[in-house]
Every structure is written in structure tokens, then in C-alpha cells.
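Chemist: missing the sequence, but the structure's below:
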């Protein structure tokens, strides 16, 4: 069985140049396969379908709760749902929460009733559930919890569940369940959510006598701009295209790490809120020692709905020259403290301050024979220095003495 759905719309183009966006979603289960595509250029007009409600009903909930101690609380609730065709369904529940060291114990006792229908007799049910939950140590971007659950009553299933929750859409997570079957026996299930900046793949197997299924889902988007075409996670609202010109530059959204630039020196951040200030930043941390960020490194962008904003933070490769300069007066060498040093060759010049020991630092100087001009208040000296071609991060030119 193959099902497909598509929605296409056109608009005025992205705020920082024309761009196209294609979102895709593929789902497979043991009962079939489905794929959905959404494409837009510029402003987006949503295309959707729905199934209208087929039954009218009204529902009312009355609840009472009380904090007995700082570790114990009680809740009593009454819910009545009145269906036009079936009549009233009532559910009364008493629940409590108790902290027991690292565990949180929750329990509930419920009584329910439903009227007879043409297919089923009237039903009166009772259920009892007790759960123990604790948070386990985990890495910084995920939270890990463990739950032990014991139930009795219609459709009850007792078991153990471990759940990993990702704090960032770029982090993977998982869930694992081992429980008893209502009719006897043991069954397992769960899911794993494999997230990356290129898309999200979810594989799942849901336990249950009537809900059992094994399948998967792939979600993502393809963004095409004048800067290139990018595979990314789904774009629910708006996105930013970050361009640095070098790969592996760390990118952050509102202080949260969301990935690094790819081989073409760019990446898409797909989680932006349209028409709001979204902070995008690029960090020097993680870059090789010979590369530095040129520019603010952080800024706010506010693209319109399903449009993108361009964020350019240029990263350059550094070739540094370090050394010392001295005034030579007879046999004495005196550091020109807090003066200025300049390398000059034709129309080129490169400047460096001089510290109290005579140390200087020049950056990205092409090879050649330069005039080194050393200046302090009331005194100037010039001498020639040769700067060779070098591929290392730093070239040490040693100590250069200038006779005055």
C-alpha cells in the first residue's frame, strides 16, 4: 500500500535572496508506506486536509488537590463525558505523589462506568496503578529516566520503561519498554530517534495487543539557495543560512549548539521563529588554531514565515609572525617599550604594538623583503627583514636589532 500527499505554493522570495524549500516525510509500518512532500519558494501558504468530527460530545472535569507535606500530594478528579449517541461516560480517580529518596512514587485508583451500546453491554471498571520513577545520570544534552509500573484492571500492563529525552533537536534519544500483556505473556517495544543536522530518522516498535506495529519515519528538508543546496531537519517556521567559508565552524542558536558548517563552509539552522529576533552565533571554539572568526560572531535575525535569513561570519586562516625588536645602541640592546612596529613593502604595510619586552605580532604577511620601522616617542629606526613563505601557523623571526 502506497500513500502520497503533496502541497506546493509560491511567494515573493526569501528576505536575503531567492530560496526554495522542500520538506519531506516518509513513514513505513508493517501495514504500508507513506511519503509526504511540501515545497515552497518564498512566502508559504499552508496546504492541509482534515477529517471532520463525526460525533458531538461535551465533557466536564472537576478536580481537587492538596499538598499534604513537601514530599506528598493528593489529587481527586471526576470526569464526565456525555456523547450524543452513547450517553455519559464517568471516570473517578484518586492519585498521589510521594518522594522516596531518588525515586518519585505515583499511584492512582480509578472507578469508571459507561452505558450500554448496540455493540457492548454497560461496563463498570476499576483500575489500580503504582509507578516508581527516577532520573538517571546522563550526558549534558539529554535527560534519562527509569520507571517501574504496576497496574491492575481492564487492559492493564505492568513493566519497566527507560526513556531518554533530548534537550536539543540535534541530539538523539530513545525509549525502551518491557511489559506484561493483558492476556498473559511479556512483550517489548520502544523507539530510537536518530537526529542530525541533515534530518531525523525515527524507528519504533509499539507494544500492545491492538497497537502492535514496527515502522520508521524520516523527516527533513532540502533548502536551495544561491549559496548552495542543503539537506537539513524539517523547517516548521523559518530558517537561517550560516556561511563562514570553512568547514567545522560551531554554530549556536540562542546559546544552544545546533551543529557545524559542512564541507562547503555553510549550514542551515531550521528552528527559527518567524518575525521574532533569533540569536545566531558562530564560535572560535572548535576551529583549528590557524583559523579565527572575522566579524561580530553573534547577531539577531527575524525572517518571515517559511523564509530564511543569511548570516555571514567570515573565518580566515591565520599565518602569524612573532619575534622581538630592539634598539641597538653600541653594545646595548634596549626594548622600545610600548612603541609601534611596521612592516612596509611598496604599498603594503602591517602594524603591531610593542610590549614592554619588545615582543611583536604580525598576521598574514606575504613573503618578501620588508622595511621594519620601529617608532617610540622621539625616536625612529628602520632596518630590513626577510619574511619567508611558510605553511605553519606561526613563524618565529627571532630578535631583530635596529641600530640608532
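Modeler: Right, received. Where do you want to start? Here the structure is a predicted model, which means the values were calculated and not measured.

Chemist: okay, domains of this structure per the record?
Modeler: Domain ranges of the chain: 57-185, 235-317, 320-403, per automatic domain parsing.

Chemist: tell me the mean pLDDT for the second one?
Modeler: The one in question is domain 235-317. Per-residue pLDDT values over domain 235-317 give a mean of 84.

Chemist: any low-confidence regions in the stretch 101-250 of the chain?
Modeler: Applying pLDDT under 70 to the stretch 101-250 of the chain picks out residues 138-141, 206-213.

Chemist: helix or strand: which one has residue 147?
Modeler: Residue 147 is part of strand 142-152, with elements assigned from DSSP states H and E.

Chemist: what strands flank that strand, and is each parallel or antiparallel?
Modeler: Sheet pairing for strand 142-152, assigned by DSSP bridges, gives strand 123-136 (antiparallel), strand 159-166 (antiparallel).

Chemist: now do that strand: distance to the chain's middle.
Modeler: 26 Å (CA atoms, centre = their mean, to the nearest Å).

Chemist: also stretch 69-87?
Modeler: How far stretch 69-87 lies from its chain's middle: 37 Å, per CA atoms, centre = their mean.

Chemist: ok, stretch 232-239 next?
Modeler: On the basis of CA atoms, centre = their mean, stretch 232-239 sits 11 Å off its chain's mean C-alpha point.

Chemist: same question, stretch 149-161
Modeler: 35 Å.

Chemist: buried residues, that stretch. List them.
Modeler: Using 16 or more other CB atoms under 10 Å as the test for burial, stretch 149-161 gives 149, 151, 157, 159, 161. For the C-beta atoms, the positions are set from N, CA and C on the backbone; glycine is no exception.

Chemist: go on, stretch 285-302?
Modeler: 287, 291, 293, 299, 301.

Chemist: same question for stretch 182-201.
Modeler: Result for stretch 182-201 [16+ other CB under 10 Å]: buried residues 187, 189-193, 195, 197-201.

Chemist: now do the end-to-end distance for that stretch.
Modeler: End-to-end distance for stretch 182-201: 31 Å, by CA to CA, to the nearest Å.

Chemist: going forward, begin numbering at 12 instead of 1
Modeler: I'll keep to 12 as the first residue from here, and by that count the last item is stretch 193-212.

Chemist: and residue 357, what pLDDT?
Modeler: Reported pLDDT at residue 357 in the predicted model: 91.

Chemist: how close does it sit to residue 325?
Modeler: According to CB to CB, to the nearest Å, residue 357 and residue 325 sit 26 Å apart.
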